[in-house]
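Trainee: Coordinates for the following, if possible.
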Amino acid sequence: MAWFDGFEAARHRVNGTEIHARTGGRADGPPVLLLHGFPQTHAMWQRVAQRLSDRYRLVLPDLRGYGDSARPADAPDHAPHSKRAMAADLVALMSALGHERYAVVGHDRGGRVAHRLAIDHAARVTKLVVIDIAPTLDMYDATDMRFATAYYHWFHLIQPAPLPERMIGADARFYLHAKLGGWGAGGLAHIEPEALAEYERCFCRPEAIHAACEDYRASAGIDLEHDRAARAAGRRILCDTLVLWGDRGVVQRLFRPLDLWQAQCAATVTGRAMPAGHFIPEELPQATADALARFIG
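Mentor: Reported below is the predicted structural model:
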C-alpha cells in the first residue's frame, strides 16, 4: 500500500490551538475518528485506515502535544494537557470537518482521550472502541509492584520537570525504540519504516518530550479528578463499546478489562484478547480493521 494514498494532511485551527490531521476514505461513509497513543502519532493507523477507507470517512489527528499538532503552554495543574482538553480539540475538529456524530477509536493514550470524549460529549459518539487499556483511575488505584515495574514510565514521566525530560533527551531515539519494541510483538518489525521515521522525527525533540511528560502529569492529577467527579455523579459511557487488548500485554496480565469497562458503561460492552502485544493496530492491521468494521457496522 502506498503511504496514506488517498488521504489529505492539513492543520486545523480549533479550540484555540492547531491540530494536524489526515482525512480520507469514502466521502459519504460513516465518520470514524482514530486516535493514537504514546509515543506515536496518527501514522500508527496507516495500514488500518487503508483497509477501512472504502467504507468509512476517516479522521486521523495528532493529539495536542504530539506529532505536528501544536504544543500547549504549561499550567500548574497541567489542565492544557488534560484528556478533557484533548477531547474538546477533537470535538471542535470533527465539527469543523462537518461531522457531528461519529465512532471514536482510541489506542493507548488515545483510548483515554476517547473515554473522556464519550463522557463529556456523549451525544457525539455513536460507538466507542478502546484498545489495550483499562480505565485510568482503576489502573492507578490497583498499582502494585507488578504494575509499577511493567508501567514504570507512568511514574517516571510524572516527576517534576525537567528531570524526566533531561533523562529521556540524553538519548531520545534509544528511549523511543525501547518503548516501541518493548511493548510489541518483539523488536520493531511490526512498525512500517515510514511510521518509524515519523515517530523519530516527532518525538526526538525537547519540546515533544516535555509535552509527553505533561500528558502523563495530567493523567496522574487533573484527569483523575475528572474521572472521580464523573463517577461520583454517575456519569457513564452511553454508547456500545468494544474493548480489544493484547494477550501478551500488561492489561491482559494484570487487569480484567471487560469487567472494568462494563462498570463504566451504561450500554453493551463486548471485546476480546487478540494475539498481540500492546501495539495491536500495527501488529495486526487486518484483524484490527476487521474487528472495527464488524463493530461499527
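Trainee: which stretches of the protein have low pLDDT?
Mentor: Scanning the chain for pLDDT under 70 picks out the ranges 184-186.
Trainee: one more time with 80, if that's ok
Mentor: Applying pLDDT under 80 to the chain picks out residues 1, 183-186.
Trainee: Report the strands that pair with the longest strand anywhere in it, each with its relative direction.
Mentor: Criterion DSSP state E: the longest strand present in the chain is strand 17-25. The strands that strand 17-25 pairs with in its sheet are strand 8-14 (antiparallel), strand 57-61 (antiparallel) (by DSSP bridges).
Trainee: Could you list the buried residues of the longest one?
Mentor: Taking 16 or more other C-beta atoms under 10 Å as the neighbour-count basis, strand 8-14 is seen to contain the buried residues 12, 14. Where C-beta positions appear, they are placed from N, C-alpha and C, glycine not excepted.
Trainee: Show me what that strand is in contact with.
Mentor: 18-24, 68-69, 89, 92-93, 95-97 (C-beta atoms under 8 Å, 6 or more residues apart in numbering).
Trainee: What is the distance between stretch 112-121 and the centre of its chain?
Mentor: 11 Å (C-alpha atoms, centre = their mean, to the nearest Å).
Trainee: Now it - C-alpha only, CSV.
Mentor: Taking Å, rounded to 0.1, in the frame of the first residue of the first chain, the C-alpha atoms of stretch 112-121 are listed here in CSV:
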residue,chain,number,x,y,z
ARG,A,112,-8.1,7.6,27.4
VAL,A,113,-9.0,10.7,25.3
ALA,A,114,-11.7,8.7,23.7
HIS,A,115,-13.1,7.7,27.1
ARG,A,116,-13.2,11.3,28.2
LEU,A,117,-14.8,12.4,24.9
ALA,A,118,-17.5,9.7,25.4
ILE,A,119,-18.2,11.0,28.9
ASP,A,120,-18.0,14.8,28.2
HIS,A,121,-19.6,14.7,24.8
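Trainee: in it, what counts as buried?
Mentor: Buried, per 16+ other C-beta under 10 Å, within stretch 112-121: 112-120.
Trainee: How far does stretch 34-50 stretch from one end to the other?
Mentor: 12 Å (C-alpha to C-alpha, to the nearest Å).
Trainee: Flag every buried residue along whichever helix or strand comes after the longest strand of the chain.
Mentor: Note on strand 17-25: by DSSP states H and E, the next helix or strand toward the C-terminus is strand 31-35. Of all the residues in strand 31-35, those buried under the rule 16+ other C-beta under 10 Å are 31-35.
Trainee: can you tell me which of those lies nearest to residue 197?
Mentor: residue 34 (19.8 Å; C-beta to C-beta).
Trainee: Tell me which residues of stretch 139-159 come out buried.
Mentor: Neighbour-count burial for stretch 139-159 [16+ other C-beta under 10 Å]: 139-140, 147, 150-151, 153-154, 157-158.
Trainee: picking that back up, would you list the strands paired with strand 17-25 in TSV and tack on distance to residue 273?
Mentor: As requested, the strands paired with strand 17-25 are arranged in TSV below (distance: least, C-beta to C-beta, whole Å):
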stretch	distance to residue 273
strand 8-14	34
strand 57-61	25
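Trainee: For residue 131, which of the ones you listed is the nearest?
Mentor: Across the strands paired with strand 17-25, closest to residue 131 is strand 57-61 (C-beta to C-beta), at 14.4 Å.
Trainee: That'll do, ta.
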